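Novice: Pasting the sequence and the predicted model now:
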Amino acid sequence: MFVIELIQEIWWKLKPRPQAGRSATRAVGDKAEQFALAYLKKECGFKLIEQGMHDEDGELDLVGRIKGNEGLVVVEVRARTEGGLVSPRDAVDFSKQRQVVETARRLLPRKGFHDVLRFDIVGVWLDQQGAPARAEHFADAFDRNALRR
């Protein structure tokens, strides 16, 4: 009995854990967000203004400016495993679009931003180990009229 308890104790101490206070899902989301940010900077000339902007009712993943685009761009990042049933683009359904638009309307003026808005999606595809493998950018994926539907 002692040997089993000793093995369990050793296993418990050596077992990999997500960062304290963060879920494993959130840790994957953070990696996907960083991957998306690097992708946008390289491919679109994205200039980050805010990341992880949030209040009690919502969060904006990335807020910035894209070269050649007038106004702010709010980017929703979605990660999905390669070969999954739902693509990252399709995972941003009407309900999520509405939540992002409402959050932007609430938070951005608090920071002094009143620019024209564009809402983009960056889909991050994860490999079988859960690491970001590739990204897709969907410019102007939805608009602020999501609230009127």
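Specialist: That came through fine. This is a predicted model, so every value here is computed, not measured. Residues are numbered from 1 along each chain as shown.

Novice: Which element, helix or strand, includes Asn69?
Specialist: Using DSSP states H and E, Asn69 falls within no helix or strand.

Novice: In this structure it contacts Arg118, no?
Specialist: Yes: Asn69 is in contact with Arg118 according to CB atoms under 8 Å; the separation is 6.4 Å. All C-beta spots, glycine's among them, are computed from the backbone N, C-alpha and C.

Novice: Summarise which helices and strands the helix or strand hosting Ile121 is packed against.
Specialist: Assigned by DSSP H and E, Ile121 falls within strand 117-126. Packing contacts for strand 117-126, counted by 3 or more CB pairs under 8 Å, 6 or more residues apart in numbering; DSSP states H and E, involve helix 24-44, strand 72-81, helix 94-110, strand 132-142.

Novice: buried sites along it?
Specialist: Residues Leu117, Arg118, Phe119, Asp120, Ile121, Val122, Gly123, Val124, Trp125, Leu126 are the ones in strand 117-126 that count as buried (16 or more other CB atoms under 10 Å).
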